[in-house]
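*Asks:* following is a predicted model, sequence given first.
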Amino acid sequence: MKQQSGKDMVIFGSGSLVSAFTQSGLIDDYRIFINPVVLGSGKPMFKGLNERLKLKLLSTKRFRCGVVLLQYTPFPSS
């Protein structure tokens, strides 16, 4: 998929799709929005991952509404 021509893909709000792509090494960039609301329960972001994934923080952005954007890239596997 990465070797095919075309534009970059963006996935919004699909934890199962993100987990499947993560396990296949198909994601180069994670952009996680943190919304300052405490709910008490919810769905895990990366359900079903079999291995630990180390991420490197690339940038942060804080919005006036209180939302924070965290941009990560996976550390290269050794």
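*Replies:* Perfect, thanks for sending it.

*Asks:* find the centremost residue of the protein, please.
*Replies:* Y30 (3.4 Å; CA atoms, centre = their mean).

*Asks:* which residues touch that residue?
*Replies:* Contacts of Y30 were listed using CB atoms under 8 Å, 6 or more residues apart in numbering, and they are L55, L70, Q71, Y72, T73, P74. C-beta coordinates here come from the backbone N, C-alpha and C atoms, glycine included.

*Asks:* export those to TSV and tack on neighbour count, distance to F46 and secondary structure?
*Replies:* Below are those laid out as TSV (neighbours: other CB atoms under 10 Å; distance: CB to CB, whole Å; DSSP: H, G, I helix; E, B strand; the rest coil):
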residue	neighbour count	distance to F46	secondary structure
L55	13	11	strand
L70	15	14	strand
Q71	15	16	strand
Y72	17	12	strand
T73	13	15	strand
P74	15	12	strand
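
*Asks:* tell me which of the residues you listed is nearest to V10?
*Replies:* Q71 (12.9 Å; CB to CB).

*Asks:* starting from Y30, give me the distance back to that closest one.
*Replies:* 7 Å (CB to CB, to the nearest Å).

*Asks:* flag the helix or strand of this structure with the lowest per-element mean pLDDT.
*Replies:* helix 15-23 (a mean of 82; mean pLDDT, DSSP states H and E).
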